[in-house]
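A.B. asks: I'll drop the sequence and a predicted model, then ask my questions.
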Amino acid sequence: MKETKNRKIVRVKYDAAKTYPLEEAAKIVKDITFTKFDASVDLSIRLGVDPRQANQMVRGVVTLPHGTGKTVLVLVLCTPDKEEEAKAAGADFIGLDEYIKKIQDGWLDMDVVITMPAVMAKVGRLGKILGPRNLMPNPKTGTVTNDIGKAVQDVKGGKIDFKVDKAGIIHTSVGKASFEANKLYENANEVLTTISKLKPAAAKGTYFRSVAISSSMSPGVRVDMKSITG
């Protein structure tokens, strides 16, 4: 079988058996992504934690210096007096009871849900629907707050939340393939620096077990652990 031009480029620029410094890995991912659409670039981070133990859960938020490259649809569930604030900040959907009913009826055309403490009793009923989709508002991620305007602006500006899964892995986006390589690197480095600071005291041994960066349609490029902190 004749080797395609793209496969030849991948073979020259990328060795699956090697690990690369984070900055170089970000450049390689750009070089070996050939999709006709603007592919998402993601980090996969395996941590030396046991997520079944409450004192080893790793969860947090980070603001990517160069944003996510995605259009983030924000739903704000709030009282009428906060609606204008939410609108001015750029929220896409604003309301309360009507949107709670829409969600209960199966509507989920949003990426982030922001609400306020005063209405959490109502919003809490949506836990079984929003929870499994990682959409449930949470004070720890800044999505349950009285400062609705700032919360919307933060999310629109590149703030993302992450959480270790049952296998001890964090998957998170760090931009788009159209980003310059240095911007992908800076976004990825910001995520890893934040996760490093969240190392649980109960976690023993190596914290960062492995890190890989990939696009939607590229192989994963393994990152040299010496090039990251932790």
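C.D. replies: Looks like it arrived, so ask away. Residues are numbered from 1 along each chain as shown.

A.B. asks: Report the helix or strand with the lowest average pLDDT across this structure.
C.D. replies: Ranking every helix and strand in the chain by mean pLDDT, DSSP states H and E puts helix 5-13 at the bottom, with a mean of 66.

A.B. asks: in the protein, which spans are strands?
C.D. replies: Using DSSP state E, the strands assigned to the chain run over residues 40-47, 59-63, 74-77, 93-95, 112-115, 159-163, 169-176, 208-215, 221-222.

A.B. asks: contacts for the fourth one?
C.D. replies: Outside strand 93-95, the residues within contact range by CB atoms under 8 Å, 6 or more residues apart in numbering are 73, 74, 75, 76, 77, 78, 83, 86, 87, 99, 110. Any C-beta I mention is one placed from the backbone N, CA and C, and that applies to glycine too.

A.B. asks: let's go with 7 Å and repeat that
C.D. replies: 75, 76, 78, 83, 86, 87, 99, 110 (CB atoms under 7 Å, 6 or more residues apart in numbering).

A.B. asks: for the first one, same thing?
C.D. replies: Strand 40-47 is contacted from outside by 29, 58, 164, 168-177, 184, 188, 191, 195, 207-216, 220, using CB under 7 Å, 6+ apart.

A.B. asks: same check, this time on the third one
C.D. replies: Counting by CB under 7 Å, 6+ apart, strand 74-77 makes contact with 86, 91-94, 96, 99-100, 110, 112-115, 119, 123, 148, 152, 155-156, all of which sit outside it.

A.B. asks: Kindly point out the strands partnered with it and how each is oriented relative to it.
C.D. replies: strand 93-95 (parallel), strand 112-115 (parallel) (DSSP bridges).

A.B. asks: Could you identify which of the ones you listed is most buried?
C.D. replies: Comparing the strands paired with strand 74-77 by mean neighbour count (mean count of other CB atoms under 10 Å), strand 112-115 comes out on top with a mean of 25.

A.B. asks: And the helices in the protein, which stretches?
C.D. replies: 5-13, 22-31, 83-89, 97-104, 120-123, 127-130, 148-156, 181-197 (DSSP state H).

A.B. asks: Redo those as TSV? Include distance to residue 64 and mean neighbour count.
C.D. replies: Shown next, in TSV, are these (distance: least, CB to CB, whole Å; neighbours: other CB atoms under 10 Å):
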stretch	distance to residue 64	mean neighbour count
helix 5-13	25	12
helix 22-31	13	21
helix 83-89	19	17
helix 97-104	27	14
helix 120-123	26	14
helix 127-130	23	13
helix 148-156	11	21
helix 181-197	4	19
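
A.B. asks: Nearest to residue 49 among these would be which one?
C.D. replies: helix 181-197 (10.5 Å; CB to CB).

A.B. asks: Who are the packing partners of the closest one?
C.D. replies: helix 22-31, strand 40-47, strand 59-63, strand 169-176 (3 or more CB pairs under 7 Å, 6 or more residues apart in numbering; DSSP states H and E).

A.B. asks: residue contacts, the spatially most central residue of the chain?
C.D. replies: Residue closest to the average C-alpha location in the chain (CA atoms, centre = their mean): residue 172, at 3.8 Å. Taking CB under 7 Å, 6+ apart, we find residue 172 in contact with 42, 43, 160, 162, 191.

A.B. asks: which of these count as buried?
C.D. replies: The neighbour count (16 or more other CB atoms under 10 Å) marks 42, 43, 160, 162, 191 as buried among the contacts of residue 172.

A.B. asks: Closest to residue 22 out of those?
C.D. replies: Closest approach to residue 22 among the buried ones among the contacts of residue 172 (CB to CB): residue 43, at 9.6 Å.
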